[in-house]
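> Pasting the sequence and the predicted model now:
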Amino acid sequence: MTISAIRNEPFIHELNIAELAAEGMYREVILTPKPGLVDRHNNGSHTDMDFNLFMSSIAAIAPWFALFVAKGRQTAKQEPRQTLLAIRPVGLACEQAMFRATGGINTHKGGIFSLGLFCSAAGRLKGKGEVINRGALCREVSLICAGMVSRELKHNGDVKTKGEQLFRDYGFTGARGEAESGFATVRIHGLPVWENAINAGYSPEESLLRVLLSLMAHNPDTNILARGDLKGLRYAQRYAARILRIKHFTGSRFRQALLNMDNAFIARNLSPGGSADLLAVTWLLANFPA
Ligand SMILES: CC(C)(COP(=O)(O)OP(=O)(O)OC[C@H]1O[C@@H](n2cnc3c(N)ncnc32)[C@H](O[C@H]2O[C@H](COP(=O)(O)OP(=O)(O)OP(=O)(O)O)[C@@H](O)[C@H]2O)[C@@H]1O)[C@@H](O)C(=O)NCCC(=O)NCCS
Ligand SMILES: Nc1ncnc2[nH]cnc12
């Protein structure tokens, strides 16, 4: 069963990818309980963010996704790198809209980057008259971001962001590496977990929670690294993998295990913000044919 059956709507391609990007952000923040993250239950490991701030952030970001699609379409016949050059200013302007809505708090910087890339990729595919499916979208994103890690991390002069510093310190490539890989973590550890959980009869919510755990178990999340160092990253990855290994884990026992995990992450100030963004990307891609 795919999401279209849950939506009771025609399959994917009638759906607008810009709307799906915003919906992915909503679906992510509404999902509860998420370890260390803001949700309807608590603020996770964050003292400067809450559910309402995330809703304001999404409302400010949502209108910009259509612009990413338009830029992709306008540059569809040019080299993919030209699309990246065209959308970077849009992303930076969108980041400013987010900061205006959040009073300067970084709620969705990574989300804007990842979901903005998929909107741009869809615009390119539409402009080239090519089919839009999961594989085509991920390949197009990878083409748009080709060489980004080398240019922006390996041969970068001064360190301006947390991600750039973490690359220097640990060699992790963060959101850029994930994008340049065509979102391999989502393709390998997100979408198959979603399909298997839905087909096994898990609810959409429990399926998304299992997707989040799988992403956390495999994603070198720079947010966790920045807050908990390598020790914190290994702790988070192992904890998520351990819960996923429990068979037929549903209902109140599953929920309680996640609440316990949330408490453990809060006690260690761990927040898998990168995996939260990849969950939104998984939701977006799940609405398209493989
Ligand atoms: C290319 C950019 C992403 C540059 O940003 P940066 O150099 O900082 O790169 P990263 O650290 O690699 O990633 C930035 C954000 O991306 C998310 N992320 C982290 N790891 C991964 C991963 N492995 N895969 C995918 N995404 C990842 C994460 O974003 C989420 O977490 C943030 C909220 O959590 P929090 O802990 O609160 O974060 P902070 O506020 O930084 O910490 P505290 O101060 O609270 O302790 C939030 O951003 C979530 O989205 C990483 O934070 C990109 O920013 C860029 O170049 N933008 C320019 C314009 C643009 O976007 N263009 C459009 C497309 S090209
Ligand atoms: N729900 C959430 N909590 C904290 N950081 C996030 N980044 C993206 N979604 C998030």
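Cool, the structure landed. Model, not experiment: these values are computed from the prediction. Ligands and ions are numbered 1, 2, ... in the order given.

> Residue 180 touches residue 148, doesn't it?
Yes - assessed by C-beta atoms under 8 Å, residue 180 is found in contact with residue 148 at 5.2 Å. Quick note: C-beta positions are derived from backbone N, CA and C, even for glycine.

> More neighbours: which of the two?
When residue 180 and residue 148 are compared for neighbours, residue 180 comes out ahead with 21 against 18, by other C-beta atoms under 10 Å.

> How about the more buried one, nearest residue that isn't a chain neighbour?
In space, and not counting its chain neighbours, residue 180 is closest to residue 145: 4.4 Å by C-beta to C-beta, 6 or more residues apart in numbering.

> Just give me the neighbour total for that neighbour.
By the other C-beta under 10 Å criterion, the neighbourhood of residue 145 contains 27 residues.

> Just the C-alphas of stretch 167-174, formatted as PDB.
Provided in PDB are the C-alpha atoms of stretch 167-174 (Å, rounded to 0.1, in the frame of the first residue of the first chain):
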ATOM      1  CA  PHE A 167      34.100  18.400   8.300                       C
ATOM      2  CA  ARG A 168      37.400  19.800   9.400                       C
ATOM      3  CA  ASP A 169      37.200  18.100  12.800                       C
ATOM      4  CA  TYR A 170      35.700  14.700  11.800                       C
ATOM      5  CA  GLY A 171      35.500  14.500   8.000                       C
ATOM      6  CA  PHE A 172      31.700  14.100   8.000                       C
ATOM      7  CA  THR A 173      30.200  15.700   4.900                       C
ATOM      8  CA  GLY A 174      26.700  16.400   6.400                       C
END
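
> contact partners of it?
149, 153-154, 159, 163, 166, 180, 220, 222, 225, 230, 274 (C-beta atoms under 8 Å, 6 or more residues apart in numbering).

> picking up where we left off before, and the residue nearest to residue 180, how far from residue 17?
17 Å (C-beta to C-beta, to the nearest Å).

> how about low-confidence regions in the protein?
By pLDDT under 70, the low-scoring segments of the chain are 1-15.

> one more time with 80
Filtered on pLDDT under 80, the chain yields the residue ranges 1-15, 155-157.

> tell me which parts of it are close to ligand 1?
Proximity of the chain to ligand 1, by C-beta under 6 Å from any ligand atom, involves residues 84, 87-88, 91-92, 106, 108-114, 116-117, 161-164, 174-176, 178, 219-223, 271, 273-274, 277-278.

> From those residues, list just the buried residues.
Buried by 16 or more other C-beta atoms under 10 Å: 84, 87, 91, 106, 108-114, 116-117, 163-164, 174-176, 178, 219-223, 271, 273-274, 277-278, out of those.
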